[in-house]
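Trainee: Sequence plus predicted model, see below.
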Amino acid sequence: MSSTALSRNGLGLQTLDTEKIRRDFPILEQTIHGKKLVYLDNGATSQKPRAVIEAIVHYYKHNNANVHRGVHTLSVRATEEHDEARERVRRFIQAADVSEIIFVRGATEAVNLVAETYGRANVGVGDEVLITAMEHHSNIVPWQMLCNEKGAHLRVVPINDAGELDLEAYETLLTPRTRIVAVTHASNALGTVNPLRKMIQMAHAKSIPVLVDGAQAVPHMPVDVQALDCDFYAFSGHKIYGPTGIGVLYGKMDLLDEMPPYQGGGDMIRSVSFEKTTYNVLPYKFEAGTPDIAGAIGLGVALEYLMGLGMDRVAAHDQELLAYATEKVGGLEGVRLIGTAKHRAGVLSFLVGDIHPHDLGTILDREGIAIRTGHHCAQPVMERYGVPATARASFAVYNTREEVDALVNGIEKAREVMG
Ligand SMILES: Cc1ncc(COP(=O)(O)O)c(C=O)c1O
């Protein structure tokens with residue numbers, strides 16, 4: 001693999017030394033069906049750098065204990081490491097205060113938490129929840145469940161053929177009955193990056209809070225929740241080089257303070273009697289039970305790793321690779337790109353002639369190439385484009401142009417095999 005060290009992309013930005021980065025990811029050393037692994041399924045989950053794997057092993061070998069409960073040395077160490085992880089998350093998304101960082105299982109749980117707490121308390125009969133046509137199921141179904149429970153209406157901002165939101169429709173869909181907007185930062189099925197600052201300003205002008213699903217954005221671009229001025233921001237650890245089972249909900253302190261708790265149990269209380277329970281301060285009010293301590297530590301190390309690379313460089317690398325893949329894959333005969341928005345990140349969704357994406361995925365696997373095929377948990381997007389599924393290549397810091405070339409060769413091979 002050739003290095004992209006010191007290379008400059010079309011934006012004139014310095015990108016990453018992928019050759020060096022690849023050495024940090026042990027899983028990439030293997031072969032699949034005798035071929036070098038080309039992992040392009042990062043939108044589903046990313047691989048983990050050695051630093052993350054070792055931090056988790058180190059925690060269990062040396063510091064494992066429950067947090068917040070003990071005065072003994074191991075508990076103090078575990079608590080310190082867990083606190084440090086929260087601070088790393090705060091720094092990574094530029095939140096004002098660690099109290100605004102709530103550890104959850106992932107983006108899915110983060111959205112459910114807001115729907116079940118803020119949503120239940122603020123959405124009533126005849127009210128509206130506004131989402132978009134490009135949401136992942138995890139940013140649709142919790143709101144649909146809430147609306148069904150409350151007799152409220154789910155409204156949907158449409159998209160154009162390129163996969164961009166219709167902002168005029170958005171403006172008119174922000175009504176006096178809208179109680180919350182829930183929108184993805186970057187679409188997992190189309191790659192579209194939404195104009196969040198503008199959308200948030202428009203919603204705030206009508207005093208409507210905005211939840212952002214950042215699951216597909218945080219791995220690819222710098223995120224500053226204060227500059228965005230979003231009210232909630234959700235993401236998963238496993239898509240950003242951290243472990244599975246851990247994720248983050250950021251919320252503005254005043255909103256989190258007002259919200260009722262999510263789950264009841266240990267750690268989220270200040271005092272309990274059979275007559276009355278009072279709740280703990282933020283963020284613990286939303287973290288009932290023993291947290292995923294090792295997961296949080298692993299996530300903190302993953303974010304530290306990215307901050308070490310520099311998120312501007314990570315974004316430049318992503319843009320460079322995406323532009324290259326769009327040109328090479330999009331230029332192949334019979335290939336239809338699904339999602340051609342001006343501003344995209346991380347994801348290339350496509351169809352190859354009449355070949356079913358699952359067949360394509362299976363043939364590519366024989367070449368050692370891992371892509372995702374299916375509806376990508378975004379069935380309304382598939383419906384919008386009149387397709388049952390797409391093939392999706394999604395990129396990470398360790399991916400290279402040579403891997404895109406391998407994908408192109410694999411697609412050509414599939415076309416030969418499938419006639
Ligand atoms: C845009 C988006 N939101 C939310 C999720 C849900 O993430 P998780 O399954 O880690 O909770 C995904 C996962 O693919 C996603 O792509």
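Mentor: That came in fine, so what should we check first?

Trainee: tally of neighbours for the closest residue to the ligand within the stretch 301-419 of the chain?
Mentor: The minimum distance from the stretch 301-419 of the chain to the ligand, using C-beta to the nearest ligand atom, falls at Cys377 (5.8 Å). In short, each C-beta sits where N, CA and C put it, glycine included. Residues lying near Cys377 (other C-beta atoms under 10 Å) number 17.

Trainee: And the one 4 residues further on, by the same measure?
Mentor: Counted by other C-beta under 10 Å, the residues lying close to Val381 total 26.

Trainee: circling back to that earlier point, the residue of the stretch 301-419 of the chain closest to the ligand in helix, strand or coil?
Mentor: Classification of Cys377 using DSSP: H, G, I helix; E, B strand; the rest coil returns coil.

Trainee: The ligand contacts on the protein?
Mentor: 106-108, 136, 138-139, 184, 188, 213, 215-216, 236, 377 (C-beta under 6 Å from any ligand atom).

Trainee: hang on, the earlier thing: quick check, pLDDT for the nearest residue to the residue of the stretch 301-419 of the chain closest to the ligand once chain neighbours are set aside.
Mentor: Using C-beta to C-beta, 6 or more residues apart in numbering and skipping the chain neighbours, the partner closest in space to Cys377 is His137 (4.4 Å). At His137, the pLDDT value in this model is 98.

Trainee: for the one 10 residues further on, same thing?
Mentor: The score at Cys147 is 98. That number is its pLDDT.

Trainee: what's the answer for the one 10 residues further on, then?
Mentor: Reported pLDDT at Val157 in the predicted model: 98.

Trainee: Please tell me I have it right and Lys252 contacts Asp231.
Mentor: Yes - with contacts counted by C-beta atoms under 8 Å, Lys252 reaches Asp231, the gap being 5.3 Å.

Trainee: The two: which has the busier surroundings?
Mentor: With neighbours defined as other C-beta under 10 Å, Lys252 and Asp231 compare such that Asp231 has more, 24 against 19.

Trainee: Restricted to strands, list the residues of the chain next to the ligand.
Mentor: Of those, the ones assigned to strands by DSSP state E are 184, 213, 236.

Trainee: which among those residues gets closest to Leu146?
Mentor: Asp213 (15.4 Å; C-beta to C-beta).

Trainee: check contacts around the closest one.
Mentor: 107, 111, 135-136, 138-139, 182-185, 234-235 (C-beta atoms under 8 Å, 6 or more residues apart in numbering).

Trainee: could you redo the last one with a cut-off of 6 Å?
Mentor: 107, 139, 184, 234 (C-beta atoms under 6 Å, 6 or more residues apart in numbering).

Trainee: try His220
Mentor: 318, 345-346.

Trainee: Out of the residues you listed, name the ones that lie in helices.
Mentor: Judged by DSSP state H, the subset of the contacts of His220 located in helices is Asp318.

Trainee: Kindly reformat the ones in strands among the residues of the chain next to the ligand as a markdown table containing pLDDT.
Mentor: Compiled in a markdown table, these are given as follows (pLDDT from 0 to 100):
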| residue | pLDDT |
| --- | --- |
| Thr184 | 98 |
| Asp213 | 98 |
| Ser236 | 98 |
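
Trainee: Dump these into a markdown table; add distance to Pro291 as well.
Mentor: Converted to a markdown table, these look like this (distance: C-beta to C-beta, whole Å):
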| residue | distance to Pro291 |
| --- | --- |
| Thr184 | 26 |
| Asp213 | 22 |
| Ser236 | 15 |
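
Trainee: Buried ones in stretch 306-320, by neighbour count?
Mentor: Under the neighbour-count criterion of 16 or more other C-beta atoms under 10 Å, stretch 306-320 has 306, 309-311, 313-320 buried.

Trainee: what's the spacing between Ala370 and Gln144?
Mentor: According to C-beta to C-beta, to the nearest Å, Ala370 stands 32 Å off from Gln144.

Trainee: do Val67 as well
Mentor: 35 Å.

Trainee: still on that earlier bit, any idea how many residues pack against the residue nearest to Cys377?
Mentor: 15.

Trainee: which of the residues in stretch 273-287 are buried?
Mentor: 279-280, 282-287.
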